[in-house]
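Asks: need a 3D model of the following:
(2 chains)
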2 protein chains.
Amino acid sequence: MATELLLDSTPMHRLFASVRLATPSDVPHIQKLIHQLAEFERLAHHCSATEVSLSSILFNSPPFQSFTVFILEISSNPFQSTLPHPLFSPITQTLTFNLPIHDTEKETFRSINDDGIDAVVAGFILFFPNYSTFLSKPGFYVEDLFVRKCYRRKGLGKMLLSAVAAQAVKMGYGRVEWTVLDWNVNAIKFYEEMGANVLQERRICRLTDEALQTHGNANN
Amino acid sequence: MATELLLDSTPMHRLFASVRLATPSDVPHIQKLIHQLAEFERLAHHCSATEVSLSSILFNSPPFQSFTVFILEISSNPFQSTLPHPLFSPITQTLTFNLPIHDTEKETFRSINDDGIDAVVAGFILFFPNYSTFLSKPGFYVEDLFVRKCYRRKGLGKMLLSAVAAQAVKMGYGRVEWTVLDWNVNAIKFYEEMGANVLQERRICRLTDEALQTHGNANN
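Replies: All right, here's what the predicted structure looks like:
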């Protein structure tokens, strides 16, 4: 994007993006992002994620072995190359736009950043290992991918998903999977452009609520 | 099933079924069952599961924390109630039929059984934890469910799936999920009778092979 030809009169707005592993101090931001995602999907009434419930399941295992979150941060200053993390070194990217981004929630999402960079949290991706018997390899399943509204259509969703794909390749895993609603044509187009196949014949079956409880009672 | 009214002249065939946690010594049977499943789904050419690849991913974590297998065993003798396993006590069931079952692969699937019971492995279910952000709870995802042909239509698939559902309830998990092909009407009927919802709008996206590798190269 930095190589785009711009007219002399066009002001150039540059931002820096970073994808890094989440830490326990990110939980309040992750919780707010999950609720924004639920609102976007018109499922806010189904969303029961709290800071306590998130803290209880994240960070119990080393990254990538169980439920894992990458955080997308944006800053007007370049991210310093901190010491490489033994398991995941942050991925950075420089973004250039013609128009400035107006982030009305900048204070809410101000990031606690070890290296002193003034940054905001702009999105996240939550994923965990799954397993393909046929490939005979693990993979990653992406449960949530979200970028805040003012940062959309700038390649940042792709940056997050691509970071998970890169991690899968690094670990020798066989695939990355996620789901999409069949009427969300923009999302489907975006995923197909990234090289994903949309499995048309396969349906998800879900046992939950009372129906699930029935099986619990039947065997005990 | 044992309570069915049978005519005096009808011979009664009784078998005993048990669902237990797999152990490393079950790997050769699991590998054979996975290949039978692949043949059934006409995907044998995609199936690369070997004993070595299975051993490398199973049994690395305590049961239920990662990839976990339940084994279905059948015997003409009742399973003894061995010492209860701290994490999972086998579930047993008595089956009664009008016709005997002719198992041509009895020797191949003869089970190594600690308590001296002469049993055969009749099926398996492979599952692992997943996570619902909205429920803010883990669940289980069932990757494979398989019952050998001569043991089908006897409630044994339900016994395996129900065992996973019961374990989910026991652990306070929110749901159990798996997938089905949309043309497999018998399977859909069976799952719906078990209380599952088939999600009609949701599609699985999959990034694999060269498309996955591209993302690995892009970020490194």
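Asks: tell me the contacts of A:Ala187?
Replies: A:Ala187 makes contact with A:180-181, according to Cβ atoms under 8 Å, 6 or more residues apart in numbering or on different chains. C-betas here are computed from N, CA, C, even on glycine.
Asks: assign a three-state SS to it, would you?
Replies: The three-state assignment at A:Ala187 reads helix, by DSSP: H, G, I helix; E, B strand; the rest coil.
Asks: ok, A:Phe190 next?
Replies: helix.
Asks: run a quick neighbour tally on it.
Replies: 17 (other Cβ atoms under 10 Å in any protein chain shown).
Asks: what sits against the nearest residue to it once chain neighbours are set aside?
Replies: With Cβ to Cβ, 6 or more residues apart in numbering or on different chains as the criterion, A:Phe190 has its nearest non-adjacent residue at 7.1 Å, and that residue is A:Gly157. Taking Cβ under 8 Å, 6+ apart, we find A:Gly157 in contact with A:123, A:145, A:147, A:190.
Asks: report the beta-bridge partners for the residue positioned nearest the centre of chain A.
Replies: By Cα atoms, centre = their mean, chain A has its centre lying nearest to A:Ile125, at 1.6 Å. For A:Ile125, the beta-bridge partners are A:Phe70, A:Leu145 (DSSP bridges).
Asks: just to check, it is in contact with A:Val164?
Replies: Yes - using Cβ atoms under 8 Å, A:Ile125 is in contact with A:Val164, at 6.0 Å.
Asks: still on that earlier bit, what separation is there between the residue nearest to A:Phe190 and B:Thr23?
Replies: Going from A:Gly157 to B:Thr23 by Cβ to Cβ, to the nearest Å gives 43 Å.
Asks: which stretches of chain A aren't confidently modelled?
Replies: Along chain A, the model assigns pLDDT under 70 to residues A:1-11, A:81-84, A:112-115, A:218-220.
Asks: helices along chain A, start to end?
Replies: Along chain A, the segments classed as helices by DSSP state H run A:27-40, A:51-57, A:156-170, A:185-193, A:209-218.
Asks: to B:Phe140, which of those lies closest?
Replies: Closest of the helices of chain A to B:Phe140 is helix A:209-218, at 10.1 Å (criterion: Cβ to Cβ).
Asks: so how far is that closest one off the chain centroid?
Replies: Here helix A:209-218 shows a centroid-to-chain-centroid distance of 32 Å under the convention Cα atoms, centre = their mean, to the nearest Å.
Asks: so who does the closest residue to A:Ser111 other than its chain neighbours touch?
Replies: Nearest non-adjacent residue to A:Ser111, counting by Cβ to Cβ, 6+ apart: A:Ala119, 4.3 Å away. A:Ala119 sits next to A:18, A:73-75, A:79, A:110-111, A:113 when contact means Cβ under 8 Å, 6+ apart.
Asks: in CSV, list those residues along with neighbour count.
Replies: Compiled in CSV, the contacts of A:Ala119 are given as follows (neighbours: other Cβ atoms under 10 Å in any protein chain shown):
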residue, neighbour count
A:Ser18, 23
A:Glu73, 23
A:Ile74, 26
A:Ser75, 18
A:Phe79, 21
A:Arg110, 13
A:Ser111, 20
A:Asn113, 19
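Asks: tell me the spacing between A:Pro78 and chain B.
Replies: Here the criterion is Cβ to the nearest Cβ, to the nearest Å. By it, A:Pro78 lies 17 Å from chain B.
Asks: oh, that last question was meant for A:Phe127, not what I typed.
Replies: For A:Phe127 relative to chain B (Cβ to the nearest Cβ), the value is 9 Å.
Asks: could you give the number of residues near that residue?
Replies: Residues near A:Phe127, counting by other Cβ under 10 Å, number 27.
Asks: surely it and A:Val142 touch.
Replies: Yes - contact criterion Cβ under 8 Å: A:Phe127 and A:Val142 qualify, at 4.6 Å.
Asks: which neighbours do these two share?
Replies: A:164, A:176.
Asks: A:His102 against A:Cys150, yeah?
Replies: Yes - counting by Cβ under 8 Å, A:Cys150 is a contact partner of A:His102 at 6.4 Å.
Asks: who has more neighbours out of those two?
Replies: A:Cys150 (15 against 7).
Asks: hmm, the more buried one is touching A:Thr104, no?
Replies: Yes - using Cβ under 8 Å, A:Cys150 is in contact with A:Thr104, at 7.4 Å.
Asks: fine by me, we can end here.
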